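Asks: Below is the structure, and that's it, no one-letter string:
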């Protein structure tokens, strides 16, 4: 394994993420993760005292990476805040269709499964999603300030409502095996923000 000791913990988390995105948390045993990472069990328990704490760390790591990508997307120069915000929803929409699991939402995948089983993981999900909503609210506030979004909007309420809409739509897309709910979320988002349907953010 070409990873120094200080990187072993993150390497285990990075290796486990696509496995758990594909199968869920409960269905994946530690031996499967350890085998994929080529890490002995003793090393695993050096970094994670239990599978529950491993799950909490996995969620924290996922949201850290997600927020880094979100910050980059929402701060792109040369675009209005509304364009940056809509680029985020468009990226979300495209990442949730197709067969590749790497871009899938771990909050959707694990939310219903672990929230009643692990208080630590439930809190990690709550903490992470709140951080996402904070970023979205900030962008909406910038849109109100630059005039690309309406002054009637409440930035925090709008961010929370839209995020909840997209989480629900993503879950429904898993039930239906199609993108109809995501298309509906996009239409609802444009309606909520009072943006025309053909207002695509420029690349």
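Replies: Nice, I can see it. None of the values given here were measured: they were computed from a predicted structure. Residues are numbered from 1 along each chain as shown.

Asks: switch to C-alpha atoms for all contacts and neighbour counts from now on
Replies: Will do.

Asks: My read is that residue 82 contacts residue 146, right?
Replies: No. Look at residue 82 against residue 146 with Cα atoms under 8 Å: they stay out of range, at 9.1 Å.

Asks: Identify the residue nearest residue 67 in space, chain neighbours excluded?
Replies: residue 132 (6.8 Å; Cα to Cα, 6 or more residues apart in numbering).

Asks: what packs against the helix or strand hosting residue 166?
Replies: According to DSSP states H and E, residue 166 maps onto helix 155-176. Counting contacts by 3 or more Cα pairs under 8 Å, 6 or more residues apart in numbering; DSSP states H and E, helix 155-176 packs against helix 106-114, helix 119-146, helix 180-193.

Asks: So for stretch 87-96, what gets flagged as buried?
Replies: 87-90, 92-93, 95-96 (16 or more other Cα atoms under 10 Å).

Asks: re earlier: between the helices and strands packed on helix 155-176, which gets nearest to residue 40?
Replies: helix 119-146 (24.2 Å; Cα to Cα).

Asks: Flag every buried residue along the closest one.
Replies: 120-122, 124-125, 128-129, 132-144.

Asks: I'd like to know which of the buried residues of stretch 87-96 are part of helices.
Replies: Using DSSP state H, 87-90, 92-93, 95 are the members of the buried residues of stretch 87-96 that sit in helices.

Asks: As CSV, those with pLDDT would be great.
Replies: What follows is these, written out as CSV (pLDDT from 0 to 100):
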residue, pLDDT
87, 96
88, 96
89, 96
90, 95
92, 93
93, 92
95, 85
